[in-house]
Every structure is written in structure tokens, then in C-alpha cells.
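>>> got a structure for you, letters missing:
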């Protein structure tokens with residue numbers, strides 16, 4: 001059954017049925033009642049495209065992800081899957097679009113092409129031109145992470161500065177005096193990637209407060225880089241007895257480097273950080289860490305975006321998440337020689 005059949009039975013034009021369903025143009029009350037009676041009689045349900053057209057919406061959310069050349073981390077993949085699930089609960093689809101590198105045109109098409117009702121933007125820089133671009137268009141959006149001047153935007157983030165600070169405090173309580181932060185890649189840090197910058201600030205400030213000697217290094221997001229990075233740490237600062245990290249993709253390489261160096265965790269070396277819980281559980285031994293709540297972040301992001309879409313005048317809101325540090329088996333008292 002389609003609009004044409006409804007129009008024929010109601011004795012009106014197809015356009016009149018469309019206007020009655022969408023409310024875009026006035027239709028007499030009697031005509032609307034006649035059309036609704038036919039619809040009820042036929043059990044008509046418009047398909048998704050027709051319903052979206054009638055509502056003036058696409059019923060699609062845009063999710064802007066890192067470039068295709070970048071391997072998504074476990075947290076990122078979990079977040080993407082959770083966004084799709086949360087959007088489905090609102091009867092919306094999700095359009096994935098890469099951003100950065102050679103993908104600026106893809107981002108522009110999402111922003112200006114009226115393909116989506118709103119956008120969730122991942123991997124935020126402290127000063128992010130994409131946020132300025134979205135703000136200028138008036139398209140509803142939520143960022144995962146937040147820019148420096150974030151008062152007027154909607155966002156969801158993890159408190160990297162606070163969580164890394166708590167990791168350092170934990171190591172200080174265990175007697176560690178020489179520590180290192182294994183950060184994300186040189187490119188991300190140089191670009192002003194929010195989690196990296198805030199993690200570094202929290203790490204250095206807290207270590208200084210406890211009188212610890214602190215080093216920070218950048219590491220590409222892959223196991224080979226993790227192995228090379230840890231070997232460089234051992235060569236440059238052999239006195240370091242503990243590390244904090246936000247680089248989950250490098251963890252398998254770090255584990256191999258620890259094994260190669262014959263360092264027992266946590267007897268000889270302690271490791272902690274902000275990591276996806278599945279990876280923390282799979283580490284050997286299981287990693288003491290603040291577990292990144294990817295599913296909760298996705299649900300909050302979709303809910304905030306739908307709130308904007310349904311009420312464009314709503315006051316911007318945000319959520320800064322600080323999950324607890326789960327004590328597993330990778331941290332221990334500093335070994336005294």
C-alpha cells in the first residue's frame with residue numbers, strides 16, 4: 001500500500017496526502033480526517049524514507065571517526081558499535097565519515113549536505129577547527145572530548161588529567177620514585193590531542209607534587225612501537241620502576257618488551273593507566289587501570305545529540321566521566337635493591 005492508493009480512496013491528490021502527513025502546508029480538518037480514516041482502514045505505515053521526509057529529518061546521525069588509514073583502538077571500536085546500538089534505540093541510523101588527512105571533503109559533505117540530523121565528533125583537539133566549522137553551520141553536534149573553550153558546546157569526555165593523576169598517586173603510595181608516561185603518537189601530541197595533553201599535565205603536576213622524577217614519551221599506536229618505546233625507556237632511564245599509559249594499542253608490545261627484559265610485573269616493574277577493561281583483563285598479569293566506559297560515553301553522546309535535535313533551544317550540557325581505578329595485579333611496591 002502506498003500514498004497513491006490512499007489518495008485514490010480518499011478522493012484527493014497525492015500531494016494533499018503528503019501535506020496532511022507532514023503538516024508542511026495547511027489541509028482542511030475534514031480532509032485530514034478522511035485521509036486518516038483511509039490510513040486506519042488500510043493499516044498503512046510509511047516506510048523509513050517517507051517518514052523521514054514527512055518529518056523534515058533524515059533519521060540519521062553522523063559519526064565522524066579517525067581517518068581510514070588509522071587503525072581504530074579497542075576503545076574506539078567499542079564506542080562506534082555502542083553509538084550504532086544507542087542510535088537504533090532512537091530509531092535512527094548512523095553514517096560513518098572519516099575526518100582528517102585526505103578526508104576533509106567527506107566531513108564537509110556530512111556537514112553541509114543535509115545527510116544527517118546531527119553529528120558526533122570523535123578525537124577532539126584542544127583547538128579543533130572542526131568544532132568551529134560545525135558551530136558555524138548550526139547543525140546539532142556532540143564532541144567526544146572537549147576544546148579549551150567548551151562552554152557553548154555539548155560534549156562527553158573522560159577526565160584524563162584526574163585519572164592519570166590518581167594513577168601517579170597510587171604509584172607514589174607504593175614507593176615508586178621514577179616513573180614514565182607512555183603517551184600517544186608524536187603526531188597526535190603535536191596536534192594538541194585533548195586526552196594526550198590533559199594526561200601529560202596531570203601526570204607531570206602530580207609527580208612533581210610527590211617529588212617523583214617523571215619522564216614522558218610518545219609512542220605510535222601499534223604493538224611494534226610499544227616494544228621499541230619500552231626498550232628505549234629502559235635504555236635511557238634504567239632507574240624507572242613504573243609506567244602509566246593511555247596508549248592501549250601499544251600494550252601488547254610493551255608486554256613483549258617486559259618479557260624480553262625478564263622483568264616480572266609487578267615485582268620488578270609496575271604498570272597502570274587508562275585502558276579499555278577488556279584489554280586490561282587480557283594483560284598478563286591483569287592491568288590495574290581506570291576502565292574507559294566506551295558504552296556509557298556512546299549512550300550519553302547519542303542522548304545529548306537527540307536532546308539537541310528535538311529542542312534546538314536547549315542549553316548546552318556535558319558529561320565528564322571519572323571511572324574508578326580497578327586494582328588488578330600489575331602494580332606493586334617498588335622493589336628495594
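Great, that's in hand. Since the structure is predicted, the reported quantities are computational estimates derived from the model, not experimental observations.

>>> residue 303: how many residues sit nearby?
Per other C-beta atoms under 10 Å, the neighbour tally for residue 303 reads 16. Placement of C-beta: from N, CA and C, glycine included.

>>> element containing it?
helix 294-310 (DSSP states H and E).

>>> elements contacting that helix?
helix 74-89, strand 118-121, strand 141-144, strand 155-158, strand 318-321 (3 or more C-beta pairs under 8 Å, 6 or more residues apart in numbering; DSSP states H and E).

>>> I'd like the ones you listed as TSV, with distance to residue 217 and mean pLDDT appended.
Output for these, formatted as TSV (distance: least, C-beta to C-beta, whole Å; pLDDT from 0 to 100):
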stretch	distance to residue 217	mean pLDDT
helix 74-89	21	93
strand 118-121	28	96
strand 141-144	25	97
strand 155-158	21	98
strand 318-321	26	97
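
>>> so which of the ones you listed is nearest residue 247?
Judged by C-beta to C-beta, the one of those that comes nearest to residue 247 is helix 74-89, at 11.0 Å.

>>> C-terminal to the closest one, what's the next element?
Downstream of helix 74-89, the next assigned helix or strand under DSSP H and E is strand 93-98.

>>> and that following strand, what does it pack against?
Counting contacts by 3+ C-beta pairs under 8 Å, 6+ apart, strand 93-98 packs against strand 60-65, helix 74-89, helix 104-112.

>>> now the angle from the last one to strand 93-98?
Angle of helix 104-112 versus strand 93-98, following axes from the mean of the first three to the mean of the last three C-alpha atoms, to 10 degrees, is 150 degrees.

>>> which residues does helix 104-112 contact?
Helix 104-112 is touched from outside by 62, 64, 95, 97-99, 115-116, 119, 130, 133-134, 137, 139, with contacts defined as C-beta atoms under 8 Å, 6 or more residues apart in numbering.

>>> which residues does residue 217 form a beta bridge with?
For residue 217, the beta-bridge partners are residue 182 (DSSP bridges).

>>> would you mind putting the helices and strands packed on strand 93-98 into TSV with distance to residue 42 alongside?
Formatted as TSV, those follow (distance: least, C-beta to C-beta, whole Å):
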stretch	distance to residue 42
strand 60-65	28
helix 74-89	28
helix 104-112	37
